[in-house]
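Student: Need coordinates for the below:
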Amino acid sequence: MYTMREAAAVVRELRDERGWTQAQLAERARVSRSFVADVEAGKASVEASKVFDLWQALGFEVALRARDTGDVRW
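Tutor: You can find the predicted model right below:
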């Protein structure tokens, strides 16, 4: 992912796949429903640490991958 809009689409897709409402994801991630709505809207100024909380609540870890070599860092 390169932009917050791309991240937003993934969050929404994963939430929808699980059949969760924004409120349910917010509860699991311990953030507000309005924060989930801001993320899904692609708002660029959301707090990064809370976005990581969303990924964890959705069952994902975040790794960094080098564009040039493909090496992954945890």
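
Student: For residue 42, give me its contacts.
Tutor: For residue 42, the contacting residues are 3, 4, 5, 7, 8, by CB atoms under 8 Å, 6 or more residues apart in numbering. Placement of C-beta: from N, CA and C, glycine included.

Student: Let me see the contact set for the fourth one.
Tutor: The contact partners of residue 7, taken as CB under 8 Å, 6+ apart, are 1, 39, 42, 51.

Student: Checking my notes, it in a helix, right?
Tutor: Yes. Using DSSP: H, G, I helix; E, B strand; the rest coil, the secondary structure at residue 7 is a helix.

Student: and the closest residue in space to residue 30 that isn't next to it in sequence, what pLDDT?
Tutor: The shortest distance from residue 30 to any non-neighbouring residue, by CB to CB, 6 or more residues apart in numbering, is to residue 53 (6.4 Å). Here the pLDDT value assigned to residue 53 is 96.

Student: so what does the helix or strand hosting residue 53 touch, helix or strand wise?
Tutor: Here residue 53 is covered by helix 48-57, with elements defined by DSSP states H and E. Here helix 48-57 touches helix 22-29, helix 33-40, going by 3 or more CB pairs under 8 Å, 6 or more residues apart in numbering; DSSP states H and E.
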